[in-house]
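Undergrad: predicted model, plus sequence, below.
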Amino acid sequence: DPLWSRGLGDVYKRQILKNIHSSKLIDNFEIRKKTCHYKLSSESAKSVVVLEIKLFIIENNIFLSIPAEVNSKYYVELKKEFQHFNIFPIGLGDDIIGYLPFFDEVKEGGYEVTSITNYGFDTNISQSSLEDFYSLLKDDIVSLIEG
């Protein structure tokens, strides 16, 4: 029963992450952390943003701090990939770039895909940059797990 399925707000989850990071309660646990950067571009490739994501692994828990309103499909798919881990998404972490749709939603359009233009992009977010992002994110999680 992951936290996000219980409607725990992003602000509260960010506070949990800050508390975990500074807490004496976790001195006995190994904490692995990594800050990752991913390039997202518009369909025209004229607009580009670098997405900074903070990954933390504590025991069998993966925390992802992402500066966007993230489509829940990312977490569903990550859970399929990393079945022995609990996935704790923390949306709107540190900043906001707008919505972050899953790559297979780009063809469908809709507000989640087009809203990036409200945050300075000249056109919609490109499907290929979202595919690259998801692939690289999985690779970064694997490298953090393997230490």
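TA: Cool, the structure landed.

Undergrad: let me know the pLDDT of the most centrally placed residue in the chain.
TA: With distances taken as Cα atoms, centre = their mean, Ile66 lies nearest the centre of the chain, 4.1 Å away. For Ile66, the pLDDT comes out at 90.

Undergrad: quick one: it from Asp140, how far?
TA: 12 Å (Cβ to Cβ, to the nearest Å). Every C-beta, even on glycine, is put in place using the N, C-alpha and C of the backbone.

Undergrad: equivalent analysis for Leu40, please.
TA: In this view, Leu40 and Asp140 are 15 Å apart by Cβ to Cβ.

Undergrad: residues in contact with the helix of greatest length in the chain?
TA: Selection of the longest helix in the chain by residue count, based on DSSP state H, yields helix 127-146. By Cβ atoms under 8 Å, 6 or more residues apart in numbering, the list of residues contacting helix 127-146 from outside reads 32-34, 36, 38-41, 51, 53, 55, 57, 62, 74, 77-78, 81-82, 85, 100-103, 106-107.

Undergrad: can you give me the helices in the protein?
TA: With DSSP H, the ranges of helices along the chain come out as 10-22, 73-81, 111-114, 127-146.

Undergrad: select, out of the ones you listed, the one closest to Phe121.
TA: helix 111-114 (9.4 Å; Cβ to Cβ).

Undergrad: buried residues in the closest one?
TA: For helix 111-114, the neighbour count (16 or more other Cβ atoms under 10 Å) marks 112-114 as buried.
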